[in-house]
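**Q** sequence first, then the predicted structure:
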Protein chains: 2
Amino acid sequence: MSPPEALLILTDDDLLAAHWQGLATAPVRARGLDGLDAWRAAGHRLVLVDLGLARGGTAALWTRPGWQRNVAGLSILAASSQPDDDEGLAVLNAGASGYCHTHAPLDTLRQALDVVASGELWVGRALLSRLLRLVDTRLPRRGLADWAGPLTEREREVAQRAATGDSNQAIGTALGITERTVKAHLKAVFEKLAVTDRLQLALRVHGVR
Amino acid sequence: MSPPEALLILTDDDLLAAHWQGLATAPVRARGLDGLDAWRAAGHRLVLVDLGLARGGTAALWTRPGWQRNVAGLSILAASSQPDDDEGLAVLNAGASGYCHTHAPLDTLRQALDVVASGELWVGRALLSRLLRLVDTRLPRRGLADWAGPLTEREREVAQRAATGDSNQAIGTALGITERTVKAHLKAVFEKLAVTDRLQLALRVHGVR
DNA sequence: ACGCCACCTGTCCTTGTGGACAATACAGTC
DNA sequence: GACTGTATTGTCCACAAGGACAGGTGGCGT
C-alpha cells in the first residue's frame, strides 16, 4: 500500500537493533540523537526510536536539549520496553507520532511505521482508553458552559478575566471601558452566581467546588 | 501483512457506497444497524460505518438503542462527512475503534481498516491533538501534590484555606492564631510559589493552568 | 411612546489585602 | 553557645475590591 520508506532505527541495544533489522529492507542504525540531523539532511523522515536510550542517563530522552529541535519534520515512532501511559503521553506531547512496545510483533511494528510514515498517529489501545477516560471525567467541565448561564455577554467576558486573576483596572483597559464599569459588571456577576468575591468566582468558573 | 478481511460497509448513501467499493475485494453493503448482527453471526468483525446514517434522524447513530449491543465484538471504523472532535470522542467512547473522514483517500481508508482489523485504534491527528491538550491541562492536577513542595506545614494549612476563599481573619480563627500571623505565612507562601495574590494561589493549588 | 434591559459612568465609603520594618519565642544543628 | 529555621505578633501604610446611591445612553418589543 505504501512504498517502503527508508527507516532509521535509534537504539543502544544491539539485540534490539538485530530484532528490528527485519522491519525494512535496509534500516539504518544510529545510537544517539545526533543521528536525527543527518537523517533529515539526507531527506528522510521515518524514525523508530528506543526510549531505552534514556535509561542510562538521568533525563528522559524527549526532555533532552536536542530532542525538540531534532524531531521537527520527522515522523517518529517511539518504543518503550516497559510501556507506560504517562510516558506515552509525554512523548506524544513532545512531538512523537506514535508509541508502542519495543518487542511488539514485527508485523505490528511495520503497520505502526506505515501509519506514522503516512503522517497519521499510532496510539495503543490502553493509552487511548486512558485518554478517553481522562477526558470523560473531565467532561463535567460542561459546567463550564453552565456557569455563564444567566450572564450577559459582557458579564461573561469580565467574569472570565476576573477568574484568571486580572485586576479590575486591567480588565477595563483590555475591554476599553472604565474600571468603574468593570465593577458594575462584576457586581451583577456576583449576584447572579451567588458568590461574594472574585476568588469564589474563579473557583466556580474553573469547576472547583 | 494482514490477510484481506471481509468488510461490511454501512451507509444509506449510494454514492458513498460506490466510492467505498474499492476498499476491499468484495465488500458487503448494508443500510441499517440490523446488518451488524448478521455480520457478526457470519463470523466477521470488520465494519466501516457512515455516521451520516444518523443525519436523517434526531439521535446520533451511536446513541441509538441498537448500537451498544451491536458493536460488541466488532472492529468498527466510523466515518463522518464532517469530522468533528466531539463526535469523534463520542463514537470512540461508544466502542468504535476508529474515526475518519468519509471521503478520505482510499489508501488512507484501507490503512485505517488494516489498523482497526488488527485490533488497534485509528485516531486522526487533530482529534488526538485535542485529546492531548485536554489531558495536558488536566495533568497539572498532579501538581496538587507538588505545589506544596517548598512550603512548611503551617504555610500549607494557611495556603489551603486561603485557596478555598477563606479570609485571613477566618483562617486565623480556624487555626487559633492572629490575622497578622496568617498574613505573615501567606507572604512567605506567595514568595515561595512566585505568585502575587491569593487568587493566583488558588489557581495554582487547584491545578488551573 | 413607554417600559425593559444591556451597557456604561460617576462619587463616596468601608474593608480586606499585601507589603515594609521590627520584634519575641522555641526548636534543632554545628 | 552561636546559628538557623519556623512560628508568632506588632504597627503603619498604600491600594484594590466591593457595596451603596445615582445617574446616562441606546436597542427592542408591546
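**A** The structure has been received and is ready for your questions.

**Q** which bits of chain A sit near DNA strand D?
**A** A:162, A:167-169, A:179, A:183-184, A:186-187, A:190, A:196-199 (C-beta under 7 Å from any atom of the strand). In this view, the C-beta of every residue, glycine as well, is placed from N, C-alpha and C.

**Q** ok, of those, which one's closest to DNA strand C?
**A** Nearest to DNA strand C among the residues of chain A next to DNA strand D: residue A:184, at 3.5 Å, using C-beta to the nearest atom of the strand.

**Q** for the closest one, report the pLDDT, please.
**A** The score at residue A:184 is 92. That number is its pLDDT.

**Q** can you pull out the helices in chain A?
**A** Ranges of helices in chain A, per DSSP state H, are A:14-20, A:34-41, A:65-71, A:85-93, A:106-117, A:125-138, A:143-146, A:153-162, A:168-175, A:179-193, A:198-205.

**Q** now the residues of chain A next to DNA strand D: which count as buried?
**A** Buried subset of those (neighbour count, 16 or more other C-beta atoms under 10 Å in any protein chain shown): A:162, A:168, A:186, A:190, A:198-199.

**Q** domain ranges for chain A?
**A** Domain ranges of chain A: A:7-135, A:147-205, per automatic domain parsing.

**Q** rank those by pLDDT, which is bottom?
**A** domain A:7-135 (a mean of 79).

**Q** hmm, that one in reach of chain B?
**A** Yes. Counting by C-beta under 8 Å from any C-beta of the partner chain, chain B has neighbours in domain A:7-135: A:89, A:92-93, A:107-108, A:110-111, A:114-115, A:118-125, A:128, A:131-132, A:134-135.

**Q** give me the nearest residue to the spatially most central residue of chain A, chain neighbours excluded.
**A** The centroid of chain A falls nearest to residue A:93 when counting by C-alpha atoms, centre = their mean (2.9 Å). Distances taken as C-beta to C-beta, 6 or more residues apart in numbering or on different chains put residue B:132 closest to residue A:93, at 5.6 Å, once the chain neighbours are dropped.

**Q** related to what we said a few turns ago, identify the farthest-apart pair in the residues of chain A next to DNA strand D.
**A** A:169 and A:196 (20.7 Å; C-beta to C-beta).

**Q** from residue B:197, how far out is the closest residue to residue A:170 other than its chain neighbours?
**A** Leaving aside its sequence neighbours, residue A:170 sits nearest to residue A:161 (C-beta to C-beta, 6+ apart; 7.5 Å). Using C-beta to C-beta, to the nearest Å, residue A:161 is found at 15 Å from residue B:197.

**Q** so which of the helices of chain A gets nearest residue B:37?
**A** So among the helices of chain A, helix A:125-138 is nearest, using C-beta to C-beta, at 24.5 Å.

**Q** bridging residues for residue A:122?
**A** Beta-bridge partners recorded for residue A:122 (DSSP bridges): residue A:98.

**Q** could you list every residue that touches it?
**A** Contacts for residue A:122 (C-beta atoms under 8 Å, 6 or more residues apart in numbering or on different chains) come out as A:77, A:97-100, A:112, A:115-116, B:115, B:120.

**Q** could I get those as CSV with neighbour count?
**A** Shown next, in CSV, are the contacts of residue A:122 (neighbours: other C-beta atoms under 10 Å in any protein chain shown):
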residue, neighbour count
A:77, 24
A:97, 28
A:98, 23
A:99, 26
A:100, 24
A:112, 27
A:115, 25
A:116, 25
B:115, 25
B:120, 22
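
**Q** and residue A:50, what is it in contact with?
**A** A:9-13, A:16, A:79-81, A:102.

**Q** 7 Å - rerun?
**A** A:10-11, A:13, A:16, A:79, A:102 (C-beta atoms under 7 Å, 6 or more residues apart in numbering or on different chains).

**Q** give me the nearest residue to it, chain neighbours excluded.
**A** In space, residue A:50 is closest to residue A:11, 3.6 Å off (C-beta to C-beta, 6+ apart).

**Q** any idea how far the closest residue to residue A:109 other than its chain neighbours is from residue A:46?
**A** Sequence neighbours aside, residue A:23 is the residue nearest to residue A:109 in space, at 5.8 Å (criterion: C-beta to C-beta, 6+ apart). Here residue A:23 is placed at a distance of 10 Å from residue A:46 (C-beta to C-beta).

**Q** overlap in contacts of those two?
**A** A:7, A:113.

**Q** with neighbour numbers in mind, choose between the two.
**A** residue A:46 (22 against 16; other C-beta atoms under 10 Å in any protein chain shown).

**Q** let me know whether that one touches residue A:5 as I believe.
**A** Yes. Taking contacts as C-beta atoms under 7 Å, residue A:46 lies within contact range of residue A:5: 5.0 Å.

**Q** overlap in contacts of those two?
**A** Shared contacts of residue A:46 and residue A:5, counting by C-beta under 7 Å, 6+ apart, come down to residue A:117.

**Q** ok so, going back, ranking the helices of chain A by burial, who's on top?
**A** Highest mean neighbour count among the helices of chain A (mean count of other C-beta atoms under 10 Å in any protein chain shown): helix A:198-205, with a mean of 22.

**Q** report the separation between the residue of chain A positioned farthest from its centre and residue A:186.
**A** Residue farthest from the centre of chain A, counting by C-alpha atoms, centre = their mean, is residue A:180 at 40.9 Å. To residue A:186, residue A:180 is 11 Å away according to C-beta to C-beta.

**Q** just residue A:130 next, same as before
**A** From residue A:130 to residue A:186 the distance is 39 Å (C-beta to C-beta).

**Q** tell me which of the contacts of residue A:50 is nearest to DNA strand C?
**A** Of the contacts of residue A:50, the one sitting nearest to DNA strand C (C-beta to the nearest atom of the strand) turns out to be residue A:13, at 43.1 Å.

**Q** pretty sure the closest one sits against residue A:52.
**A** Yes. Between residue A:13 and residue A:52 there is a contact under C-beta under 7 Å: 6.1 Å.

**Q** near DNA strand C, which residues of chain A?
**A** So chain A meets DNA strand C at A:152-155, A:172, A:175, A:177-178, A:180-181, A:184-185 (C-beta under 7 Å from any atom of the strand).

**Q** now render these as a markdown table, adding distance to residue B:30.
**A** A markdown table is the format used below for the residues of chain A next to DNA strand C (distance: C-beta to C-beta, whole Å):
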| residue | distance to residue B:30 |
| --- | --- |
| A:152 | 50 |
| A:153 | 47 |
| A:154 | 52 |
| A:155 | 51 |
| A:172 | 61 |
| A:175 | 55 |
| A:177 | 59 |
| A:178 | 64 |
| A:180 | 66 |
| A:181 | 61 |
| A:184 | 61 |
| A:185 | 56 |
